[in-house]
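Colleague: what follows is a protein structure lacking sequence information:
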């Protein structure tokens, strides 16, 4: 089971997450007023938060020190975000569709692994199982 991280160990992942959220605000600003941005800025603005959250999540996992197979699962998820970022950054590249399809496959695999409880060291709190457990306890 995961323990709550102390402030020092949460700092870097939270800073990276905040930078990622700020980049999403800039992306949404592009949606509201694309004329204020250089041509093709959207490609970078869309790719950056995807790549950043992959990096931030890996840093978070390192700080959390999960079991080895949890790290493998986290790396798979990060790779999915990086393929999605590549698809956004190079939309005209011949392989862009392949990058997108690999991202989809990895996201689907990640959710499937969560649903099956793999790896066995995964906390039950992942992917909303806590809500089901709380509901079950209240019904008892």
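Modeller: Perfect, I can see it now. Keep in mind the model is a prediction, meaning the values are calculated, not measured.
Colleague: C-alpha from now on. contacts and neighbour counts both.
Modeller: Fine.
Colleague: quick one, what contacts residue 12?
Modeller: Going by C-alpha atoms under 8 Å, 6 or more residues apart in numbering, residue 12 touches 59-60.
Colleague: mind running it again at 10 Å?
Modeller: 18, 56, 59-60, 63 (C-alpha atoms under 10 Å, 6 or more residues apart in numbering).
Colleague: buried residues in the helix or strand harbouring it, which are they?
Modeller: Using DSSP states H and E, residue 12 sits within helix 7-32. Buried residues in helix 7-32, counting neighbours by 16 or more other C-alpha atoms under 10 Å, are found at 13-14, 16-17, 19-20, 23-24, 26-27, 30.
Colleague: same check on stretch 47-63?
Modeller: By neighbour count with 16+ other C-alpha under 10 Å, stretch 47-63 contains the buried residues 47-61, 63.
Colleague: so which of these comes closest to residue 93?
Modeller: residue 47 (14.1 Å; C-alpha to C-alpha).
Colleague: what's that closest one sitting at in phi/psi?
Modeller: In terms of degrees, to the nearest 10, the main-chain angles of residue 47 are phi -80, psi -40.
Colleague: relative to residue 32, how far out is it?
Modeller: Residue 47 is 18 Å from residue 32, where distance means C-alpha to C-alpha, to the nearest Å.
Colleague: same question for residue 49.
Modeller: 17 Å.
Colleague: so residue 69 touches residue 121, yeah?
Modeller: Yes - contact criterion C-alpha atoms under 10 Å: residue 69 and residue 121 qualify, at 7.9 Å.
Colleague: out of the contacts of residue 12, which one sits closest to residue 96?
Modeller: Closest approach between these and residue 96, by C-alpha to C-alpha: residue 56, at 23.7 Å.
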